[in-house]
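K.L.:
Sequence first, then the predicted structure, then my questions.
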Amino acid sequence: MCEYAVDIVASSATARVGVRRPFSAVAAAPDGLRQGRISTGNASPARVRTHPHGAAPLDTLLAAQPAHAADLRDDVLGPGPHDGLP
């Protein structure tokens, strides 16, 4: 059922769309909204597509935790021209 719904959204999307993991309890909706927003942030703004939550774990980390992503960038790349970037 979920795959079918994602296919319908994908076929009619006019912008990038984040897709959260399936849930059955209404209480999970706030987390679903967060996952959808993070997934949308993972998709390229230049492309019309659906992007399922968790499809790209590193992208998810970068979108969900920008401060941690900046720390990781600095640890891996060291100081350089990216200094001062978020």
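P.N.:
Now that the structure is in, tell me what you want to look at.

K.L.:
only C-alpha atoms for contact and neighbour calcs from this point on.
P.N.:
Will do.

K.L.:
okay, now Val76: neighbour count?
P.N.:
9 (other Cα atoms under 10 Å).

K.L.:
Buried residues of the lowest-mean-pLDDT helix or strand in the chain, list them for me.
P.N.:
Of all helical and strand segments in the chain, the minimum by mean pLDDT, DSSP states H and E falls on helix 57-64, at a mean of 77. Buried residues in helix 57-64, counting neighbours by 16 or more other Cα atoms under 10 Å, are found at 59-60, 62-64.

K.L.:
hang on, Tyr4 is in a strand, isn't it?
P.N.:
No - assessed with DSSP: H, G, I helix; E, B strand; the rest coil, Tyr4 is helix; it does not lie in a strand.

K.L.:
Distance-wise, check it relative to Ala67.
P.N.:
Applying Cα to Cα, to the nearest Å, the value for Tyr4 to Ala67 is 36 Å.

K.L.:
now do Pro30
P.N.:
22 Å.

K.L.:
related to what we said a few turns ago, the helix or strand following the least confident helix or strand of the chain packs against which elements?
P.N.:
With elements assigned by DSSP states H and E, the helix or strand that comes after helix 57-64 is helix 66-77. With contacts taken as 3 or more Cα pairs under 8 Å, 6 or more residues apart in numbering; DSSP states H and E, helix 66-77 sits against helix 57-64.

K.L.:
angle of the helix it packs on against helix 66-77?
P.N.:
Put simply, helix 57-64 runs at 130 degrees to helix 66-77, going by axes from the mean of the first three to the mean of the last three Cα atoms, to 10 degrees.

K.L.:
Can you dump the C-alpha atoms of helix 57-64 in CSV for me?
P.N.:
Presented in CSV, the C-alpha positions along helix 57-64 are these (Å, rounded to 0.1, in the frame of the first residue of the first chain):
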residue,chain,number,x,y,z
PRO,A,57,21.8,7.9,5.6
LEU,A,58,24.6,10.3,5.4
ASP,A,59,22.4,12.9,3.6
THR,A,60,19.9,12.4,6.4
LEU,A,61,22.5,13.1,9.0
LEU,A,62,23.6,16.3,7.2
ALA,A,63,20.1,17.6,6.8
ALA,A,64,19.0,16.7,10.3
